[in-house]
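J.: how would this look folded up:
(2 chains)
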Protein chains: 2
Amino acid sequence: REVQFITDPETIEHRSMELIAPYLAGLNLDEAATKVYSRIIHAAGDPDYANHIKIHPQAIAVGCKALRQGRPVFCDVEMVRTGINKRRLAEYGGQVHCLIGDEEVARQAKSSGITRAMAAMRTFGQDLDGAVVAIGNAPTALFEILRLMAETPVRPALIVGVPVGFVGASESKELLASSSPVPYITIQGNKGGSPIAAATLNALLYMPEPI
Amino acid sequence: REVQFITDPETIEHRSMELIAPYLAGLNLDEAATKVYSRIIHAAGDPDYANHIKIHPQAIAVGCKALRQGRPVFCDVEMVRTGINKRRLAEYGGQVHCLIGDEEVARQAKSSGITRAMAAMRTFGQDLDGAVVAIGNAPTALFEILRLMAETPVRPALIVGVPVGFVGASESKELLASSSPVPYITIQGNKGGSPIAAATLNALLYMPEPI
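T.: The predicted structure follows:
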């Protein structure tokens, strides 16, 4: 049983991006968008994402700017926080915040009959202003962000809204794309998830300056 | 802008499983396998997984048994650890171990020109015996486990091997299915990832006794 495989991390990454490139060939993406698409497809092992990614024209620029200014990142679940390169973020002075495991949020969710992810967004409230939001799991969190923006003056710099699943995920992402007053990155349909949210944030964090 | 959506966590979960059921109808799965398939598809938002999941006939039984005996879980990346229900695992006396961020592992990886995930598995070594292994990200970690089993007497109870990507992932999972001396759960092809590994472990943790 002789198995040959690549063990050098840089070679693996480089070869991955080479293998993903053909899937993006027909899409007319600029260099920055290509990096976002590639990281998402890489994280999912699924080239089909190329057909469902939606990036608002200003999203990459405002996202990169906010992250470089050290604006906070707010996410719905711990897996998103875990996946974000927090060392790189900290170089810009930024931090990732997640309240899904917070006891007060859990109490609020239970007493209101809502999800903890939703209660967490409600608790962040006006702190979301100027921040980067990364929703990788819970459609309810994304619906809540959209409600907050409709009913209050809060305006995140960028919303990476890629919740996953069969109940509300697709609808929440459609509503994001059709009604968000701020730039967004999203995935049409049921697919998405924490690695997709984290990969998107990391693509922005790794973007060469100036974009 | 009146948007109706389900906000009760139990209703969301129940409705998700209902929506996934039709995709499993033709597969002749027993109740336990249905739960594993459903959680994986739920985590990915992608019914296509139904066609690529491979479960060794003893995998669910030995996995549930090992977890209930409090055997340790060893995983390749922190996102897998984050996604596993550690409270439930702790009720059985179990813990999740991950060394991807360990400084000594990083040194070893750099000096050997291998990935940190691979060096981490090598460091776990004989501790993997009787344990549950969950590989959600790194094909190199799965190759290393297979090498350890080929060259040493170490035998995990179960290997959940679902690394993701375009370089080695598919090959590592094929090799797992064709040559593992112990039961396994895997996904054929490039897809996989941390949420898939965590969802599989959680399906086993939530399995009603006796399976």
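J.: Residue A:17 - nearest residue in space that isn't next to it in sequence?
T.: Nearest residue to residue A:17 in three dimensions, chain neighbours excluded: residue A:38, at 5.5 Å (Cβ to Cβ, 6 or more residues apart in numbering or on different chains). Any C-beta I mention is one placed from the backbone N, CA and C, and that applies to glycine too.
J.: how far is the helix or strand bottoming out on mean pLDDT in chain A from where the chain is centred?
T.: Scoring the helices and strands of chain A by mean pLDDT, DSSP states H and E places helix A:9-24 at the bottom, with a mean of 92. What separates the centre of helix A:9-24 from the centre of its chain is 21 Å, taken as Cα atoms, centre = their mean, to the nearest Å.
J.: Same check on stretch A:35-47?
T.: Centroid separation for stretch A:35-47 versus its chain: 13 Å, with Cα atoms, centre = their mean.
J.: what about it, average pLDDT?
T.: Averaged over stretch A:35-47, pLDDT sits at 97.
J.: before we move on, what about stretch A:95-109?
T.: Average pLDDT, stretch A:95-109: 97.
J.: and the end-to-end length of it?
T.: Criterion Cα to Cα, to the nearest Å; first-to-last residue distance in stretch A:95-109 is 25 Å.
J.: Show the residue spans covered by the helices in chain A.
T.: With DSSP state H as the criterion, chain A has helices at A:9-24, A:31-44, A:59-68, A:78-83, A:86-91, A:103-112, A:116-124, A:139-151, A:169-179, A:194-206.
J.: Quick one: closest of the ones you listed to residue B:149.
T.: Of all the helices of chain A, it is helix A:9-24 that lies closest to residue B:149, at 22.6 Å by Cβ to Cβ.
J.: separation between residue A:134 and chain B?
T.: According to Cβ to the nearest Cβ, to the nearest Å, residue A:134 stands 14 Å off from chain B.
J.: which residues does that residue bridge with?
T.: residue A:75, residue A:160 (DSSP bridges).
J.: dump the residue contacts of it.
T.: A:73-76, A:80, A:84, A:160, A:197-198, A:200-201 (Cβ atoms under 8 Å, 6 or more residues apart in numbering or on different chains).
J.: which of the helices of chain A is buried the deepest?
T.: The highest mean neighbour count among the helices of chain A, using mean count of other Cβ atoms under 10 Å in any protein chain shown, belongs to helix A:194-206: a mean of 27.
J.: That helix and chain B, are they touching?
T.: Yes - residues of helix A:194-206 are located near chain B by Cβ under 8 Å from any Cβ of the partner chain, namely A:194-195, A:198.
J.: about what we covered before: now the helices of chain A as JSON lines including distance to residue B:31?
T.: Output for those, formatted as JSON lines (distance: least, Cβ to Cβ, whole Å):
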{"stretch": "helix A:9-24", "distance to residue B:31": "38"}
{"stretch": "helix A:31-44", "distance to residue B:31": "29"}
{"stretch": "helix A:59-68", "distance to residue B:31": "44"}
{"stretch": "helix A:78-83", "distance to residue B:31": "28"}
{"stretch": "helix A:86-91", "distance to residue B:31": "41"}
{"stretch": "helix A:103-112", "distance to residue B:31": "30"}
{"stretch": "helix A:116-124", "distance to residue B:31": "29"}
{"stretch": "helix A:139-151", "distance to residue B:31": "28"}
{"stretch": "helix A:169-179", "distance to residue B:31": "26"}
{"stretch": "helix A:194-206", "distance to residue B:31": "28"}
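J.: mind checking which of those is nearest residue B:95?
T.: Closest of the helices of chain A to residue B:95 is helix A:78-83, at 17.1 Å (criterion: Cβ to Cβ).
J.: helices and strands around the closest one, which ones?
T.: Packing partners of helix A:78-83 (3 or more Cβ pairs under 8 Å, 6 or more residues apart in numbering or on different chains; DSSP states H and E): strand A:96-98, helix A:194-206, helix B:78-83, helix B:194-205.
J.: ok, residue A:132 - how many residues close by?
T.: For residue A:132, the count of nearby residues is 27 (other Cβ atoms under 10 Å in any protein chain shown).
J.: That one contacts residue A:160, correct?
T.: Yes - when contacts are counted by Cβ atoms under 8 Å, residue A:132 is listed as touching residue A:160 (7.0 Å).
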